[in-house]
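Asker: here is my input, please return the structure:
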Amino acid sequence: MLTLVRRHPIAVALAILVLVTAIGPLPPLVDAATGSPAGDGALVRPLLYVFLAPLSDVLDALTFLSVERAEALLLTWSVVLALWWGLRSRGWRRIAGAVAGPVVVVAFAAATVALPRPVPRLTVSDSSLAVVDYHAHTQASHDGRKGWTASDLAQWHARQGFTGSYVTDHNSIFMGGVPGTFNLLQGVEWSVFDQHVIALGPVQPIDRSEFDHSTAAMLRIFAELHRQGAVGIASLPEYWRNHFDELDQFIGAGVDGFEIVTCAPKALGFPAGARHDVLELAQRHDLLVIGASDNHGWGAVTCVWNVTSPGPKGFRTNHVLARPLALLQDGPAASAGVTQFWFMLRGLSWAERASWLTWILVIAIYLGLPRRRGQRAGVGILARSLSLKTEPPPVQPGGGVVERRRSSAGHTPPAE
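Answerer: Numbers count the residues shown, from 1 in each chain. Predicted coordinates for the structure are as follows:
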């Protein structure tokens, strides 16, 4: 056992972590309003997602980071890997190892936002319930991914179990017209005086300058949306960052609801205490609370789904189901390099844990296969066997060929 630990300390430590974190696991989904495990839906992980669990889970964990924690995590692991590979080498390889650390971190970050991959999907047993995203973007937004069309957005949502999504581009009304069975619904995100307002339903153009010179002017937009027959939702992170002490005025002006979970990194740091205050306010006034992917075409996976009942919109109409990791982003940013992966491991299903342990074992066996001194990494014993078969026999100083003989144990004795 000690030999195993000495030869493969990282593999052993990782395997222990995978097992230990099963003692206090996180549920796959929680109700963002209550913090309890979700009862309205189940998270289904595709077979390929589970097979590639170490990659799938790490990329998900990197997706669900607040801006501050993302910066801290990238810096921490860039330094750790640079030191690890740099100090284990000599000469020019030390420089190459030090550079490789940040390059690997950047490569993972790029894969997080751009790599197509299998993703979990939400399923609901009650066919009367709709799974909705209230806030998503196409290339029509100034910060949308170039080439990210409404059809791309529909496919992105369908893969993850949504049955419909509002398209809320920045100051650009979505007019529909996308063929297919997935429901893309009319909406827009108006930018007015330090606040973004999600308008849902039969929205019409407005003159934003009328609402863009003060808080009082901005709040009049809700009355305008009601006149159009639309619903107005206060978006994160703006009401948290800029207007949190003025939420009573939002309610007096007729706001229809608040976002309480948003997958955008700039909003993932929304503190649990602030979310609790907004939930109390919304419940008291029977206002809608929603989650939003805030997808702009970057990243493969969402952190939140809305399970919505038919009928009037109120506090109990919509259930916000979120990945727990997305609700744990208000902790100390400096600890993200460790805590993000600790939370990730706590959230693994047993199938994912089995996949992790299998990959750890396979890689450890591969790295532990015997190789001849100086032999490059290959297929271990097979590479050694092929090398022996293709290697020319040694030649005696007088020019004769030395015959190789094998002992009864199967070893080739040294040339005489």
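Asker: what mean pLDDT does the top strand by length along the chain get?
Answerer: The longest strand of the chain (DSSP state E) is strand 183-192. Average pLDDT, strand 183-192: 96.
Asker: what pLDDT does the nearest residue to F193 once chain neighbours are set aside get?
Answerer: Leaving aside its sequence neighbours, F193 sits nearest to M218 (Cβ to Cβ, 6 or more residues apart in numbering; 3.9 Å). In this view, the C-beta of every residue, glycine as well, is placed from N, C-alpha and C. In this model, M218 is scored at 97, pLDDT.
Asker: one more: G41?
Answerer: At G41, pLDDT is 91.
Asker: burial of it, as a residue count?
Answerer: 21 (other Cβ atoms under 10 Å).
Asker: next one: the one 5 residues further on
Answerer: Burial measure for P46: 15 neighbouring residues, criterion other Cβ under 10 Å.
Asker: shaky segments in the stretch 251-400 of the chain?
Answerer: The model of the stretch 251-400 of the chain has pLDDT under 70 over residues 312, 370-400.
Asker: now the helices for it?
Answerer: Along the stretch 251-400 of the chain, the segments classed as helices by DSSP state H, counting those that start in this stretch run 272-285, 336-346, 350-368, 381-390.
Asker: and the ones you listed as TSV, adding distance to L55?
Answerer: Listed next are the helices of the stretch 251-400 of the chain as TSV, based on distance: least, Cβ to Cβ, whole Å:
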stretch	distance to L55
helix 272-285	30
helix 336-346	12
helix 350-368	9
helix 381-390	26
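Asker: deepest-packed of those, please.
Answerer: helix 336-346 (a mean of 19; mean count of other Cβ atoms under 10 Å).
Asker: just to revisit the earlier point, quick check: next helix or strand after the longest strand of the chain?
Answerer: For strand 183-192, the following helix or strand on the C-terminal side (DSSP states H and E) is strand 195-200.
Asker: from the contact counts, what lies against that next one?
Answerer: Counting contacts by 3 or more Cβ pairs under 8 Å, 6 or more residues apart in numbering; DSSP states H and E, strand 195-200 is packed against strand 183-192, helix 221-228, strand 231-234, helix 238-242.
Asker: how does the chain divide into domains?
Answerer: Domain assignment for the chain, taken from automatic domain parsing, gives 2-28+48-116+332-361, 121-327, 381-416.
Asker: of all those, which lies closest to G41?
Answerer: domain 121-327 (4.7 Å; Cβ to Cβ).
Asker: what is the end-to-end distance of that closest one?
Answerer: 18 Å (Cα to Cα, to the nearest Å).
Asker: just stretch 26-41 next, same as before
Answerer: So stretch 26-41: terminal residues 16 Å apart, Cα to Cα.
Asker: and stretch 116-126, by the same measure?
Answerer: OK, stretch 116-126 end separation, Cα to Cα: 30 Å.
Asker: which residues touch it?
Answerer: Here stretch 116-126 makes contact (Cβ atoms under 8 Å, 6 or more residues apart in numbering) with 28-29, 40-46, 48-49, 52, 55-56, 59, 131, 159-162, 300-302, 305, 307, 321.
Asker: also stretch 173-185?
Answerer: The contact list for stretch 173-185, computed with Cβ under 8 Å, 6+ apart, reads 138, 140, 150-151, 153-155, 157-158, 162-168, 186-188, 200, 203-205.
Asker: equivalent analysis for stretch 304-315, please.
Answerer: Counting by Cβ under 8 Å, 6+ apart, 32, 40-41, 122, 124, 128-134, 160-162, 231, 256-257, 261-263, 282-283, 286-293, 317-323, 326 sit against stretch 304-315.
Asker: these, buried ones only, as a PyMOL selection?
Answerer: Entered in PyMOL, the line below selects the buried ones among those, by 16 or more other Cβ atoms under 10 Å:
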select buried, resi 32+40+41+122+124+129+130+131+132+133+134+160+161+162+231+256+257+261+262+263+282+287+288+289+290+291+292+293+317+318+319+320+321+322+323+326
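Asker: so where do the strands sit in the protein?
Answerer: According to DSSP E, the strands that the chain contains are 30-31, 42-44, 121-123, 130-133, 164-167, 183-192, 195-200, 231-234, 257-262, 288-292, 304-308, 318-322.
Asker: quick one on the thing from earlier: which of the helices of the stretch 251-400 of the chain sits closest to L87?
Answerer: helix 336-346 (18.3 Å).
Asker: name the helices or strands packed onto that closest one?
Answerer: Secondary elements touching helix 336-346 (3+ Cβ pairs under 8 Å, 6+ apart): helix 53-63, helix 67-87.
Asker: and that helix with helix 53-63, angle?
Answerer: Interaxial angle of helix 336-346 relative to helix 53-63 (axes from the mean of the first three to the mean of the last three Cα atoms, to 10 degrees): 130 degrees.
Asker: my read: E68 touches K266, true?
Answerer: No: E68 is not in contact with K266 according to Cβ atoms under 8 Å; the separation is 9.7 Å.
Asker: on that earlier part again, winner for burial among the helices and strands packed on strand 195-200?
Answerer: strand 231-234 (a mean of 25).
Asker: contacts only, for the residue nearest to F193.
Answerer: Taking Cβ under 8 Å, 6+ apart, we find M218 in contact with 192-195, 211-212.
Asker: and it, how far is that from I206?
Answerer: Distance of M218 to I206, computed by Cβ to Cβ, to the nearest Å: 12 Å.
Asker: same question, S125
Answerer: With distances taken as Cβ to Cβ, S125 is found 41 Å from I206.
Asker: likewise for A15?
Answerer: 58 Å.
Asker: now swap in H276 and tell me
Answerer: For H276, the distance to I206 - Cβ to Cβ - is 33 Å.
Asker: point out where the stretch 101-250 of the chain drops to low pLDDT.
Answerer: Of all residues in the stretch 101-250 of the chain, none has pLDDT under 70.
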